[in-house]
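Asker: Mind looking at a prediction? Sequence and model below.
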There are 2 protein chains.
Amino acid sequence: MSITIRDVAQAAGVSTATVSRALRGLPHVDPETRERVRRVAQEMDYVVSPSASRLASGRTGTVAVITPFIDRWFFSTVLSGISDVLQGREVDLIVFEVGDPSTSPGLPTERRLRGRADGMIVVTLPTDAPRIADLLEIGLPASFIGATWPGVPSVCIDDAAAARTATQHLINLGHQRIGIIPGRPAASTSQGNRSKGYREAMTGAGLDVDPALEAHGYFTVAGGEAAMTALLSQPNPPTAVFAMSDDMAFGAIRSLQRHGIRPGSDIAIASIDGHDLAELLDLTTVGQPVAEMGRMAAEALLGRMLGSDGDTQQDVVVPTTLVVRGSTVPIERTAAFG
Amino acid sequence: MSITIRDVAQAAGVSTATVSRALRGLPHVDPETRERVRRVAQEMDYVVSPSASRLASGRTGTVAVITPFIDRWFFSTVLSGISDVLQGREVDLIVFEVGDPSTSPGLPTERRLRGRADGMIVVTLPTDAPRIADLLEIGLPASFIGATWPGVPSVCIDDAAAARTATQHLINLGHQRIGIIPGRPAASTSQGNRSKGYREAMTGAGLDVDPALEAHGYFTVAGGEAAMTALLSQPNPPTAVFAMSDDMAFGAIRSLQRHGIRPGSDIAIASIDGHDLAELLDLTTVGQPVAEMGRMAAEALLGRMLGSDGDTQQDVVVPTTLVVRGSTVPIERTAAFG
DNA sequence: TTGAAAGCGCTAACAC
DNA sequence: GTGTTAGCGCTTTCAA
């Protein structure tokens, strides 16, 4: 049906091997021959059959991304960064959306991965050690984003530092009762580190870490709203809250709105992410370079897939930036509450 | 290196042909044989080589999604819906992020597609007829989302009706000077229809369509903000604005905030999308079932890929729902402006 | 119901 | 620098 390498070989008056070499830019081909082959191939509108090429070479020229979600800001942004570099290198991108590890059954992604990709990028699959171990077992080069794993290169922020920055910012503003909205009860490394950063900042300032001032937000807007509502119903509510993600902070803001409390003026809120819409909601947040993290992970993976193993840094920590907005104002201007 | 069909055949005491048939659930296999083959395969942890299978059968078992963006709400949500059904059918998903057709060079996605997928889903590539024609030329079954094309099944909303609904809602509230924020000057079919719906509602109510009350928002938050700002600087600004997407409406709200104008109370805003965060921003919007649209397109495509061609509806129009929120309040409660 | 065998279209030794 | 050739691991007639 469609044009094969043999047709091209015939038309160019060379062997299929030469066509293969010429078209792939391999050495030991006469420049003139190469040019002729290229021209003929183009004229015939020849495209290599990926299946055949893959079968013969053992390489797929594709990278698999394993991510819990596609449709959330952090993940789609990471994905876009990854796609950006893969596209530039003509590498295919296949996506496995595996869902929330704590609720989804943990499908056998591992079986579905074999022979389909030359490498994989795993995006923050926290609390799911067994699945990750399974994935790594198939022996593909891997790159992690937002999580670390022994022996696997990764791109992360310094979660503890980011949390410390956010919390310290609230402390500097004069707050003393600072609540916290973590994601899920079962802590991932990343979440654990953010907790740690929060506590460090608190105790470093001689402040109490009141367990009553903690409410889980499950990394969603709705969860953040519920969490904030819970915090507000405390006998002695916080005057400031650190949320571990922007989405949860959004929810918290919504809760405040519902209660007629003005974020910033009445209760300060700071979080981590740098979500597109944080500016719109006037949310103070510690921004992470999410798309860039995707790009870096892809770049690193590609590097290792091509074998140049030496210069690969194991764990990259990218910088974050505190962006101060209206959701955090000095305590002098903050109305007493409760 | 890894286990092949021959190993399994040998271990099960049958031919490779039988293993192939047994494992794929083809008929004409003794139930007992099938069971034995299955067991052996499982014990050996055998996984079919996709490349070999693809080369031999000519089918890839993968669907390609061609989308301008990954990291924007509409697109990531569609993608997630698609992924949802593909994952369930064990079909691979490969993604091509082609960028904004009006600015990106229009890469030869078409060459990169051949032999890599059995079908494709094209997500709202407006104003880009040449590229689409190229894509369709390779003869893969296709499914469109958010755009229609002669002969290609699609899933869309009724754009004109959605725009009419939003505009009529503003009219019903008592507004007469109603501005509009479209996306890009070069209209896609979808955008054209939304314009049409807006004009129909306006003229139907005997209202003027003032060209001065139109400012493009380029489907982004920043663009929407600029557009609203432009509208506000009119000698006689609108009292209500219809934005063609939630993102642009978000930007418009931001502009209002910056100008000390309260959305809803001072100027009404309505748009189309049903963005996750619309509730948070108290935005009235005509919601489209985005993830569901992705699911439907995938389902339809899969159906056609499996050959059951008859029952495929060509163009599906999914319903939208007006969700009224604080950004639109009756004119009685709207302060005069300007 | 099962097996033998001919490819699928390419790559990679190895010869020349 | 180029050609020959033997696979890569499966699917799919065609016979049995």
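Answerer: On my side now, so go ahead.

Asker: Which residue ranges of chain A form helices?
Answerer: Secondary structure of chain A (DSSP state H): helices at A:5-12, A:16-24, A:31-43, A:50-57, A:73-88, A:109-113, A:129-137, A:159-172, A:189-204, A:221-232, A:246-258, A:290-305.

Asker: Run through the neighbouring helices and strands of the first one.
Answerer: So the one you mean is helix A:5-12. Applying 3 or more CB pairs under 8 Å, 6 or more residues apart in numbering or on different chains; DSSP states H and E, we find helix A:5-12 packed against helix A:16-24, helix A:31-43. Where you see a C-beta, it was placed from the backbone N, CA and C, and this is true even at glycine.

Asker: and it, what's its mean pLDDT?
Answerer: Across helix A:5-12, the average pLDDT comes to 97.

Asker: Check whether it comes into contact with DNA strand C.
Answerer: Yes. Applying CB under 7 Å from any atom of the strand, one finds helix A:5-12 touching DNA strand C at A:5, A:6.

Asker: Tell me if the lowest-mean-pLDDT helix or strand in chain A is near chain B.
Answerer: Taking mean pLDDT, DSSP states H and E as the measure, chain A has helix A:129-137 as its least confident helix or strand, at a mean of 81. No. Between helix A:129-137 and chain B, judged by CB under 8 Å from any CB of the partner chain, nothing touches; the nearest distance is 10.6 Å.

Asker: Check stretch A:230-246 too.
Answerer: No. Residues of stretch A:230-246 are not located near chain B by CB under 8 Å from any CB, the shortest gap being 10.5 Å.

Asker: Buried residues, that stretch. List them.
Answerer: Applying a neighbour-count criterion of 16 or more other CB atoms under 10 Å in any protein chain shown, the buried positions in stretch A:230-246 are A:230-232, A:237-246.

Asker: same thing with stretch A:151-163?
Answerer: Using 16+ other CB under 10 Å as the test for burial, stretch A:151-163 gives A:152, A:153, A:154, A:155, A:156, A:157, A:158, A:159, A:160, A:161, A:162, A:163.

Asker: Just give me the lowest mean pLDDT stretch among the helices of chain A.
Answerer: Among the helices of chain A, helix A:129-137 carries the lowest mean pLDDT, a mean of 81.

Asker: Just the C-alphas of that one, formatted as PDB.
Answerer: The C-alpha coordinates for helix A:129-137 follow below in PDB (Å, rounded to 0.1, in the frame of the first residue of the first chain):
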ATOM      1  CA  ALA A 129       6.000   3.200  46.700                       C
ATOM      2  CA  PRO A 130       4.800  -0.300  45.500                       C
ATOM      3  CA  ARG A 131       3.700   1.000  42.200                       C
ATOM      4  CA  ILE A 132       6.800   3.000  41.700                       C
ATOM      5  CA  ALA A 133       9.000   0.000  42.400                       C
ATOM      6  CA  ASP A 134       7.000  -2.000  39.800                       C
ATOM      7  CA  LEU A 135       7.600   0.700  37.300                       C
ATOM      8  CA  LEU A 136      11.300   0.900  37.900                       C
ATOM      9  CA  GLU A 137      11.600  -2.800  37.700                       C
END
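
Asker: Which elements pack onto that helix?
Answerer: Using 3+ CB pairs under 8 Å, 6+ apart, helix A:129-137 sits against helix A:109-113, strand A:119-123.

Asker: The last one and chain B, are they touching?
Answerer: No. Figure legend: strand A:119-123 not in contact with chain B (CB under 8 Å from any CB); closest approach 12.9 Å.

Asker: Equivalent analysis for the first one, please.
Answerer: Yes. Applying CB under 8 Å from any CB, one finds helix A:109-113 in contact with chain B at A:111, A:112.

Asker: what's in contact with that helix?
Answerer: A:64, A:66, A:96, A:98, A:120, A:131, A:134-135, A:137-138, A:140, B:47, B:90, B:92 (CB atoms under 8 Å, 6 or more residues apart in numbering or on different chains).

Asker: rerun that using 7 Å as the cut-off
Answerer: Helix A:109-113 is contacted from outside by A:64, A:66, A:96, A:98, A:120, A:134, A:135, A:137, A:138, B:47, B:90, using CB atoms under 7 Å, 6 or more residues apart in numbering or on different chains.

Asker: mean confidence for stretch A:205-216?
Answerer: 96.

Asker: pull the CA atoms of it into PDB?
Answerer: Provided in PDB are the C-alpha atoms of stretch A:205-216 (Å, rounded to 0.1, in the frame of the first residue of the first chain):
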ATOM      1  CA  ALA A 205      10.200  32.000  65.800                       C
ATOM      2  CA  GLY A 206       9.300  30.600  69.100                       C
ATOM      3  CA  LEU A 207       5.700  29.900  68.000                       C
ATOM      4  CA  ASP A 208       3.500  27.100  68.900                       C
ATOM      5  CA  VAL A 209       2.500  24.500  66.300                       C
ATOM      6  CA  ASP A 210      -1.100  23.900  67.300                       C
ATOM      7  CA  PRO A 211      -2.400  20.600  66.000                       C
ATOM      8  CA  ALA A 212      -5.900  22.100  66.100                       C
ATOM      9  CA  LEU A 213      -4.800  24.500  63.400                       C
ATOM     10  CA  GLU A 214      -4.200  21.800  60.800                       C
ATOM     11  CA  ALA A 215      -6.900  20.600  58.300                       C
ATOM     12  CA  HIS A 216      -6.300  18.500  55.200                       C
END
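
Asker: what's the spacing between it and its chain's center?
Answerer: Offset of stretch A:205-216 from its chain centre (CA atoms, centre = their mean, to the nearest Å): 28 Å.

Asker: buried stuff in it?
Answerer: So, applying 16+ other CB under 10 Å, buried residues of stretch A:205-216: A:207, A:213, A:214, A:215, A:216.

Asker: Distance of the second one relative to DNA strand D?
Answerer: Read that as residue A:213. Going from residue A:213 to DNA strand D by CB to the nearest atom of the strand, to the nearest Å gives 57 Å.

Asker: Wait, that residue touches residue A:181, no?
Answerer: No. If you go by CB atoms under 7 Å, residue A:213 and residue A:181 don't touch, sitting 9.7 Å apart.

Asker: who touches both of these two?
Answerer: Overlap of the contact sets of residue A:213 and residue A:181 (by CB under 7 Å, 6+ apart) is empty.
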